[in-house]
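**Student:** Structure here, sequence nowhere to be found:
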């Protein structure tokens, strides 16, 4: 089983839709989590950190469920510019930062 | 605002050739990393460094070497290139290891033929 697993998608949604991605992790020692965004043929960039208490930034909400070992990302009112690959990232402490394979999102007009 | 700079952006190597991928950062970060990303896959850690003079292996170090003589520079050396090393290589740096953002370079697209 992969340490960090994501549904690769693609998710095809219309503008204005709400879309949610889940990511599961296998190592219960994982301590910190992030969502990164990667545009086609570009480098990953931090979208947001994920806290147990939840984290909201505008249209984006991230949640962590330690009991079930998954994190989620909710995007409300999707924009064309949200089209990208979203990478789930877990850190077990030290330097072992594990990236998921990514979930591809296409937002269509 | 240079951030993390990688060179070259693209390179085609023949099997058995060697090359060095350059990475430099101007944010005074102690932690630096090399990742590779194969199509449709996540990033895999090749090597990392916690400061000048200190490096260690990540998940997939075979076929690669690194050095860290200064805080700014973290070159990745490929010896005897193989087709399996065809990938996109990203260098990254961060201020700390946990709970902090990693900043990535723009990547080097390497093809070994």
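**Tutor:** Perfect, I can see it now. Small disclaimer: the values here were computed from a predicted structure and weren't measured. Numbering: from 1, shown residues only, chains lettered A, B, ... in the order given.

**Student:** Surely residue B:16 and residue B:83 touch.
**Tutor:** No - counting by Cβ atoms under 8 Å, residue B:83 is not a contact partner of residue B:16; they are 10.9 Å apart. Backbone N, C-alpha and C define where each C-beta goes, glycine included.

**Student:** which residues are common contacts for those two?
**Tutor:** Shared contacts of residue B:16 and residue B:83 (Cβ atoms under 8 Å, 6 or more residues apart in numbering or on different chains): none.

**Student:** which sections of the chain are below the confidence cut-off?
**Tutor:** This is for chain A. By pLDDT under 70, the low-scoring segments of chain A are A:1, A:93-95.

**Student:** Chain B, not that one
**Tutor:** B:1, B:97-99.

**Student:** Could you tell me which residues of it lie near chain A?
**Tutor:** Proximity of chain B to chain A, by Cβ under 8 Å from any Cβ of the partner chain, involves residues B:31, B:33, B:35, B:40-45, B:48, B:50, B:56, B:58, B:90, B:97-99, B:101-102, B:104-107.

**Student:** Let's see that with 7 Å instead.
**Tutor:** B:40-43, B:45, B:48, B:90, B:97-99, B:101, B:104-107 (Cβ under 7 Å from any Cβ of the partner chain).

**Student:** Any figure for the gap between the residue nearest the centre of chain B and chain A?
**Tutor:** Most central in chain B under Cα atoms, centre = their mean is residue B:34, positioned 3.0 Å from the mean C-alpha point. Relative to chain A, residue B:34 is positioned 12 Å away (Cβ to the nearest Cβ, to the nearest Å).

**Student:** helix/strand/coil for that residue?
**Tutor:** strand (DSSP: H, G, I helix; E, B strand; the rest coil).

**Student:** who touches it in this structure?
**Tutor:** B:46-47, B:66, B:76, B:89, B:91 (Cβ atoms under 7 Å, 6 or more residues apart in numbering or on different chains).

**Student:** mind running it again at 10 Å?
**Tutor:** B:6, B:21, B:23, B:43-49, B:55, B:58, B:60-61, B:64, B:66, B:74-76, B:89-92, B:105 (Cβ atoms under 10 Å, 6 or more residues apart in numbering or on different chains).

**Student:** what do you get for residue A:99?
**Tutor:** Per Cβ under 10 Å, 6+ apart, neighbours of residue A:99: A:3-4, A:6, A:34, A:36, A:38, A:44, A:87-90, B:35, B:37, B:41-45, B:102.

**Student:** Out of those, name the ones that lie in strands.
**Tutor:** Among these, DSSP state E puts A:4, A:6, A:34, A:36, A:38, A:87-90, B:35, B:37, B:43-45 in strands.

**Student:** With neighbour count and distance to residue A:19 added, can I get the residues you listed in a markdown table?
**Tutor:** Output for the ones in strands among the contacts of residue A:99, formatted as a markdown table (neighbours: other Cβ atoms under 10 Å in any protein chain shown; distance: Cβ to Cβ, whole Å):
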| residue | neighbour count | distance to residue A:19 |
| --- | --- | --- |
| A:4 | 22 | 20 |
| A:6 | 23 | 13 |
| A:34 | 23 | 19 |
| A:36 | 23 | 17 |
| A:38 | 21 | 17 |
| A:87 | 25 | 16 |
| A:88 | 29 | 15 |
| A:89 | 26 | 19 |
| A:90 | 26 | 21 |
| B:35 | 27 | 27 |
| B:37 | 21 | 24 |
| B:43 | 29 | 23 |
| B:44 | 16 | 27 |
| B:45 | 20 | 29 |
